[in-house]
Each structure stands twice: as C-alpha cells, then as structure tokens.
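1. Return a 3D structure for these sequence lines:
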Amino acid sequence: MPEPFPPSPLTGFLTLFHKEVLRFWKVGFQTVAAPVLNALLFLLIFSRVLDRHITVYGEVPYTAFLVPGLIMMSLLQNAFANSSSSLIQSKITGNIIFVLLPPLSYRAFYAAYILAAVLRGLFVAVGVWLASALFVATPPAHPAWALAFAVLGGALLATFGIIAGIWADKFDQLAAFQNFLVLPLTMLSGVFYSIQSLPPLWQQISHINPFFFMIDGFRYGFFGQSDVSPWLSLAVTGGSLVALAALTLAMLARGYKLRG
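-> Alright, predicted model coming up:
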C-alpha cells in the first residue's frame, strides 16, 4: 500500500545534515569553545608583544590586523576537522554503513557534510570575533566580502576534509593531513603578517598558497585593504573550491574506499 505522504527527496539530506550538526554541537566546549580560547591565546600573546611596535597598511594596529587572520585560521581548521573527523570515525566504527545504505545521492551526502562543517566554522569564527572585542574593536568595513570568503573558505576546507576522511584508514593518516598540509599552509598564509614585509622571493612563494588568498580576501572585508586584489583572491578561492568539489564528487560517485 503506497504511503499517503511519500518522503521528500530532501529528507535524507536534512537528516544527515541534522546528525552532523548535532555531532559537533553536543560537544560544543570541545568543538567551538576550545578553538575560540586557542585564538584568544594567540591574540593575547602577540598583541602584548608586538602591538606597540608594528602597524600594517600604514595605519592598522597590529592587534586589529591579527584579528581577521585568527578568525579565518580558526574557521578553516575547524571546517576541515569537522568533515574529516566525522568520516574517519564512521569508517573505523563501522557506522558509515548507516549513511550509505539509505537512498541518499552522493551530491546530497557531500552537501550535508559541507554545510555542517561550514556551520561549525562560522560558529567558531563569530566566537573569535566577539571575544576579540576584549582587545580591539574590528567592525568589518565590507561585511559581504568577509562573509563570502568565510563561506567559500570553509567550504573549501570542508571539502578537503572529506577527501582526507575518505582516503585515511587510520587516525594517524588523518593527522598527517592536518599536521603536514593544513597547519603549515595556514601558518604560512599571512595570518600573522602581511606578505609585503617578506622578501620578493617569499612573496612569490606565498602566491602559490591558496590559503593566502582566502585570508587576504577575508582581511579585505575588514579593512578595505589587502596585499592583492580581492577579486583575484575570490577567483582563486572559488576556482580551488570548484576543482576540489569535482574531485570529491567523483570519489563519492565511485564509492572510493567507502563501498567495498
């Protein structure tokens, strides 16, 4: 006998999205509050040591300059951590089967993980921004630009997290992604400095790092100033997201390391 109200095609997506949001929200002190505290420790140390000695863009105090970088760094790292840790835990415990068995398309699978990871990143970002007001007020000069780079950057790192979670079979393999790729690329992207202060060779090397464009574009949203054009940063960030999303969707469509 047919069901009087057949389930919506969005039911599976919404259920998985809800499950992923609950997963990080249930341990909010670990997944949201702890990253905010870590960012504040960076801000406390660097602001006390360098604020009176350094200005950036000719007029921006160093503490104010540091805030957008720390916000974006925290957002990116937590978006990556959310999607990657969820997948690797599901694979190791075996409950990934309960996600793969329902009639859920690989596109809906991808979208649910990405949106949940971006949401966690945004929660952390807002927490860091509000807490940084204890040190310096940094209202965004161009909020639309800041939001665009926050969402695109979070989606890019969440996508990278899915790739890492699919590929890794053990927690130490996933840690290798975090320690040897995500962390160095973040730290060398201009979070703590303007690349204009670097020698020409290192400025050119920084332009190879896609994390630099995400952080520089996000910083433009706060100060209306940046090391490169925000349109270039937007193009690099968007292009990187499209390329990684295409790779991830291809992996999911094949069931690579997920289905038998």
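2. Helices of the protein, residue ranges please.
-> Taking DSSP state H to define them, one finds helices in the chain at 11-25, 28, 34-50, 62-93, 97-100, 106-132, 143-167, 171-177, 183-187, 200-206, 210-223, 230-254.
3. Highest mean neighbour count out of the ones you listed?
-> Most buried of the helices of the chain, by mean neighbour count (mean count of other C-beta atoms under 10 Å): helix 210-223, with a mean of 26. (Each C-beta comes from the backbone N, C-alpha and C, glycine too.)
4. Distance from the chain centre to that one, please.
-> 13 Å (C-alpha atoms, centre = their mean, to the nearest Å).
5. Out of the helices of the chain, which gets nearest to S194?
-> helix 62-93 (7.4 Å; C-beta to C-beta).
6. How far does the closest one sit from its chain's centre?
-> On C-alpha atoms, centre = their mean, the centre of helix 62-93 falls 5 Å from that of its chain.
7. Thought Y110 was touching I162, still the case?
-> Yes. Counting by C-beta atoms under 8 Å, I162 does reach Y110; the two are 7.0 Å apart.
8. joint contacts of these two?
-> Residues touching both I162 and Y110 by C-beta atoms under 8 Å, 6 or more residues apart in numbering: 248, 252.
9. picking up where we left off before, export the helices of the chain to a markdown table and append columns for mean pLDDT and distance to Y193.
-> As requested, the helices of the chain are exported to a markdown table (pLDDT from 0 to 100; distance: least, C-beta to C-beta, whole Å):
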| stretch | mean pLDDT | distance to Y193 |
| --- | --- | --- |
| helix 11-25 | 92 | 31 |
| helix 28 | 92 | 32 |
| helix 34-50 | 84 | 10 |
| helix 62-93 | 92 | 9 |
| helix 97-100 | 84 | 42 |
| helix 106-132 | 96 | 18 |
| helix 143-167 | 96 | 18 |
| helix 171-177 | 90 | 25 |
| helix 183-187 | 88 | 10 |
| helix 200-206 | 85 | 10 |
| helix 210-223 | 94 | 11 |
| helix 230-254 | 96 | 17 |
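10. Can you add distance to S194 and give these back as CSV?
-> CSV is the format used below for these (distance: least, C-beta to C-beta, whole Å):
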stretch, distance to S194
helix 11-25, 33
helix 28, 34
helix 34-50, 13
helix 62-93, 7
helix 97-100, 43
helix 106-132, 18
helix 143-167, 17
helix 171-177, 28
helix 183-187, 15
helix 200-206, 10
helix 210-223, 9
helix 230-254, 14
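11. Contacts only, for the residue nearest the centre of the chain.
-> Nearest to the geometric centre of the chain sits L76, at 2.4 Å (C-alpha atoms, centre = their mean). By C-beta under 8 Å, 6+ apart, the residues touching L76 are 121, 153-154, 156-157, 182, 186, 211, 214.
12. quick one: the nearest residue to L44 once chain neighbours are set aside from P61, how far?
-> Counting by C-beta to C-beta, 6 or more residues apart in numbering, L44 lies nearest to F135, which is 7.5 Å off, once chain neighbours are set aside. Distance from F135 to P61, counting by C-beta to C-beta, to the nearest Å: 10 Å.
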